[in-house]
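Enquirer: Quick one, fold the following:
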Amino acid sequence: MKFTINHTDVNSKARAGVIETDRGQILTPIFMPVGTQGTVKGVNQTELADRIKAQIILANTYHIYLRPGTEVINNAGGIHQFINWDKPMLTDSGGFQVFSLNEIRKISEQGVEFRSYLDGSKHFFSPESVMDIQRKIGADIMMAFDECTPYPCDYKYAKDSMGLTHRWLKRCIDRFDSTEDLYVKKQALFPIVQGSTYKDLRVESAKFIADQGREGNAIGGLSVGEPAEMMYEMTDLVCDILPKDKPRYLMGVGTPENILECIALGIDMFDCVMPTRNARHGFIFTSKGIINIKNEKWKNDFSPLDESFTPQYTKAYLKHLIKCNEFLGASIASIQNLSFYLWLVTEAREHILAGDFVSWKKSTLEIVNRRL
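Expert: A predicted model of the protein is given here:
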């Protein structure tokens, strides 16, 4: 995997770059739609590629491992063949999902024992097994197995957890470097910075991750309930330490405002379930502002939902579909929201290249925070 920076904004830390993988280029900054179980909810792959212009999507190791199972993916020839997607993919390690199941998991130095949320069956994830699973899934970018701390958490817990994440990372790297790609295309491994909201821990973790010399680096453990300003502070701190010549991925972020602010801090890659999750509940991001399509004011509004992205459907029609819990409503809303997110990062890139990113960001923030 290769990363090239095309331009860095002179008035912020924003960068426009290109990630080159064996399955194609990714222009950064980029937003990655979340396809947890091998599908971006409510959107098929043709729409993702041709209409939404997604360049890379995610799948989740934990969920794919439990269902349909790693062997099914392996027998299919990898996740790309299984879901009919020929562009780059990233797999989360499943760490966040495992650790969120605090009632049905047990952490040790060796790994995590947990019970399936599907049938209660017992399973075990170690750094080595998670690397093996992601090898079989075949994503272009694999994430290291880490412990994601909750917010808030005390200093000792955060420090101990960070130490465990670092030790697990060494094991992930050893396993990754001693195994081969299964489906011809090369895979990359991204470590994850942890440390909760403690500055000294974030600095220590960022330095440790930077020293590993991998193709890219991620920041985890943010956007888990902490104030936005605290998230920005930690992100800014870490971006000053992580290598400038490697892509930086801020995991699980976030709102359009979060994305714009963090692009300005030097982040290149984002993912979040917000566009599709909010869509299913009638919360729509548009080029003119935010709409709660369930409100009565839209009942007789026959203007396009958004002339830029979904001009063929009216607000009144989408309100009707969402109220009736029709699958089509969730699909239209998801396409709209994802189109908006991909437009947002594409425009950010263009304005970084043009040299007016900061002024564009200021005016765009007024739109993305406007309630219609």
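
Enquirer: Spit out the contact partners of the residue nearest to R115 when sequence neighbours are not counted.
Expert: Nearest non-adjacent residue to R115, counting by C-beta to C-beta, 6 or more residues apart in numbering: I104, 4.2 Å away. All C-beta atoms are positioned from the backbone trio N, CA, C, and that covers glycine. Counting by C-beta atoms under 8 Å, 6 or more residues apart in numbering, I104 makes contact with F114, R115, Y117, G120.

Enquirer: How about the one helix or strand M142 maps to, which residues are buried there?
Expert: Per DSSP states H and E: M142 is located in strand 141-143. Across strand 141-143, burial judged by 16 or more other C-beta atoms under 10 Å covers I141, M142, M143.

Enquirer: Identify, from the residues you listed, the entry nearest to E215.
Expert: I141 (8.2 Å; C-beta to C-beta).

Enquirer: which residues sit in contact with the closest residue to that closest one other than its chain neighbours?
Expert: Nearest residue to I141, sequence neighbours excluded (C-beta to C-beta, 6+ apart): L90, at 4.1 Å. L90 makes contact with M32, I56, I57, L58, A59, A139, D140, I141, M142, M143, D271 under the criterion C-beta under 8 Å, 6+ apart.

Enquirer: same thing but 10 Å
Expert: 21, 26, 32, 34-35, 56-60, 134, 139-143, 188, 190, 216, 218, 249, 269, 271 (C-beta atoms under 10 Å, 6 or more residues apart in numbering).

Enquirer: Let's see which of the residues you listed end up in helices.
Expert: Q134 (DSSP state H).

Enquirer: residue ranges with poor pLDDT in the stretch 51-200 of the chain?
Expert: 99, 102 (pLDDT under 70).

Enquirer: mind listing the helices in it by residue range?
Expert: In the stretch 51-200 of the chain, helices defined by DSSP state H, counting those that start in this stretch lie at 61-64, 70-76, 79-83, 95-100, 127-137, 155-177, 199-211, listed in chain order.

Enquirer: closest one to E307 among these?
Expert: With C-beta to C-beta as the measure, helix 79-83 is the member of the helices of the stretch 51-200 of the chain nearest E307 (31.4 Å).

Enquirer: farthest residue from the center of the protein?
Expert: Residue farthest from the centre of the chain, counting by C-alpha atoms, centre = their mean, is N300 at 36.3 Å.

Enquirer: Could you tell me which residues make contact with it?
Expert: T314, K315, A316, K319.

Enquirer: what about the closest residue to the first one other than its chain neighbours, distance to K319?
Expert: With C-beta to C-beta, 6+ apart as the measure, F302 is the residue that lies nearest to T314, at 4.7 Å, once sequence neighbours are left out. Plainly put, F302 is 11 Å away from K319 if you go by C-beta to C-beta, to the nearest Å.

Enquirer: out of the two, which sits in the busier spot?
Expert: The residue with more neighbours, out of F302 and K319, is K319; 24 against 9, by other C-beta atoms under 10 Å.

Enquirer: Outline the domain layout of this protein.
Expert: Residue ranges for the domains of the chain, per automatic domain parsing: 31-271, 273-372.

Enquirer: got TSV for these, with distance to K13 too?
Expert: What follows is the domains of the chain, written out as TSV (distance: least, C-beta to C-beta, whole Å):
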stretch	distance to K13
domain 31-271	4
domain 273-372	10
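
Enquirer: what sits against the residue nearest to T314?
Expert: Listed by C-beta under 10 Å, 6+ apart, the contact partners of F302 are T314, K315, A316, Y317.

Enquirer: So it versus A316, what's the distance?
Expert: 5 Å.

Enquirer: And for G35?
Expert: G35 is 30 Å from A316, by C-beta to C-beta.

Enquirer: These two: which is more packed in?
Expert: Shown here are G35 and A316; by other C-beta under 10 Å, G35 has more neighbours (25 against 16).

Enquirer: thought that one was touching I57?
Expert: Yes. Between G35 and I57 there is a contact at 4.8 Å, judged by C-beta atoms under 10 Å.

Enquirer: Give the residues shared as contacts by these two.
Expert: In contact with both G35 and I57: V43, Q45, L48, I79, I83, W85, M89, L90, using C-beta under 10 Å, 6+ apart.

Enquirer: Need those in JSON lines (columns: distance to D177).
Expert: Listed next are the shared contacts of G35 and I57 as JSON lines, based on distance: C-beta to C-beta, whole Å:
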{"residue": "V43", "distance to D177": "36"}
{"residue": "Q45", "distance to D177": "32"}
{"residue": "L48", "distance to D177": "32"}
{"residue": "I79", "distance to D177": "22"}
{"residue": "I83", "distance to D177": "28"}
{"residue": "W85", "distance to D177": "27"}
{"residue": "M89", "distance to D177": "21"}
{"residue": "L90", "distance to D177": "19"}
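
Enquirer: With just CA atoms, put stretch 192-204 into CSV.
Expert: What follows is stretch 192-204, C-alpha atoms only, in CSV (Å, rounded to 0.1, in the frame of the first residue of the first chain):
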residue,chain,number,x,y,z
ILE,A,192,-4.6,1.7,16.8
VAL,A,193,-3.7,4.5,19.2
GLN,A,194,-5.4,4.2,22.6
GLY,A,195,-5.1,6.1,25.9
SER,A,196,-8.6,7.4,26.5
THR,A,197,-8.7,11.1,27.2
TYR,A,198,-5.4,11.3,29.1
LYS,A,199,-2.8,13.4,27.2
ASP,A,200,0.2,11.6,28.5
LEU,A,201,-1.2,8.2,27.6
ARG,A,202,-2.2,9.4,24.1
VAL,A,203,1.3,10.7,23.5
GLU,A,204,2.9,7.5,24.7
